[in-house]
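S.K.: Take this sequence and fold it.
(2 chains)
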Amino acid sequence: MTTTRLAIASALAAALVLPAATQAQGNMERCYGVAKAGKNDCQTAKSSCAGTSKTDAQNDAWISVPKGVCDKLVGGKTTAG
Amino acid sequence: MPLALRDLQRAFAAQLSAEAQPALAAEIVPASARLRIHRHHMLDSLASALAATFPTVQAVVGADFFRGLARAFIGQSLPSQPVLAEYGAGFPAFIAGNGANRDLPYLADVARLDWALNLAFHTPAGGGLAAADLATIPADQLPSLRLGLTPGTVLVASPYPLDRIWAASQPEAAVDAVDLAAGGVRLLVLRRPDDAAFVSLSEAEAAFVGGLVDGLSLEEAAGRAETGFDLSACFSRLLGLGVLAAAQ
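M.R.: I've put the predicted structure just below:
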């Protein structure tokens, strides 16, 4: 076994004997709610009203400018051009 | 002669309570308008499903813009299977090739993070190897070991500070501004018992994980990381996260 391989074997073996409590998990962002309340596969219960518009409004939103938190993202342009 | 809306509604209500309304049977509401209801219903349902799967994208651009983005995507990519939670795999790529990504160049990466979190969330939890599972392996064989990632675990790398963009997009986030030039991130998205989550990896850690994903042994994967990489700490961290699994 080469020195390098020996060092790697030692490092890996050392990780296995660390108490679980010392296994730092670091800064974890948790996503409750990636979540999906009410998201079923048919949505007939609640969305039929929203879909009954008789006018075609396909393009109205598309030309609108983003209005979300992208304003907070410095350096991110919010307009075309 | 079309009925006034109020009369139409009255007739419709009467029809529902089993009193036949001949006027309704006629072409009062043209077939094209009735068919349009189905069209809007489909578009709305799919756009809502995309909004649920890509909440960060929607938070970044706002609901109206997202709607337009979603409808443009739906127009060229209808679901190929019935599970709405699995709809939208192509949305990040669509955004990347769309005008929106020219103005908001980080948006496609935000979508990739949302999609990874969605996949992780819909993956059964558990199955990760713990240190005890590997304790019986002789130390001199550990370098040759090949491990993979648990289902749902995936590395999302971006030249933008995706973690901070995500944090700023959360409801009630108290973030004033995110500096897009703050540098890139390598986020490991993973399934936890009750939710999906992500942790930020260093470049060396990400190189090591990338090596494992490519099927390298632990020793070979460690070789991908820079000199001075703390293999022991990284291996311990990954085991603690429960993201390592037997190679497929």
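
S.K.: okay, CA-based contacts and neighbour counts for the rest of this
M.R.: OK.

S.K.: who's in contact with the residue lying closest to residue B:225 once chain neighbours are set aside?
M.R.: Spatially, and ignoring its direct neighbours in sequence, residue B:225 is nearest to residue B:204 (4.6 Å; CA to CA, 6 or more residues apart in numbering or on different chains). Counting by CA atoms under 8 Å, 6 or more residues apart in numbering or on different chains, residue B:204 makes contact with B:224-226, B:229.

S.K.: What is the least confident helix or strand in the chain?
M.R.: In the absence of a named chain, chain A is used. When the helices and strands of chain A are scored by mean pLDDT, DSSP states H and E, strand A:28-31 comes last with a mean of 69.

S.K.: my bad, the chain I had in mind was chain B
M.R.: Lowest on mean pLDDT, DSSP H and E among the helices and strands of chain B sits helix B:22-25, with a mean of 72.

S.K.: That one - contacts with which helices or strands?
M.R.: Taking 3 or more CA pairs under 8 Å, 6 or more residues apart in numbering or on different chains; DSSP states H and E as the contact definition, the neighbouring helices and strands of helix B:22-25 are helix B:5-16.

S.K.: anything in the helix it packs on near chain A?
M.R.: No. Using CA under 8 Å from any CA of the partner chain, we find that helix B:5-16 stays clear of chain A, coming within 13.2 Å at best.

S.K.: just the helices in chain B please.
M.R.: With helices called from DSSP state H, chain B shows them at B:5-16, B:22-25, B:31-53, B:55-61, B:63-76, B:91-96, B:100-103, B:107-121, B:131-134, B:162-168, B:203-213, B:218-224, B:231-241.

S.K.: can you redo the contacts of residue B:204 as JSON lines with pLDDT?
M.R.: Shown next, in JSON lines, are the contacts of residue B:204 (pLDDT from 0 to 100):
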{"residue": "B:224", "pLDDT": "94"}
{"residue": "B:225", "pLDDT": "91"}
{"residue": "B:226", "pLDDT": "82"}
{"residue": "B:229", "pLDDT": "91"}
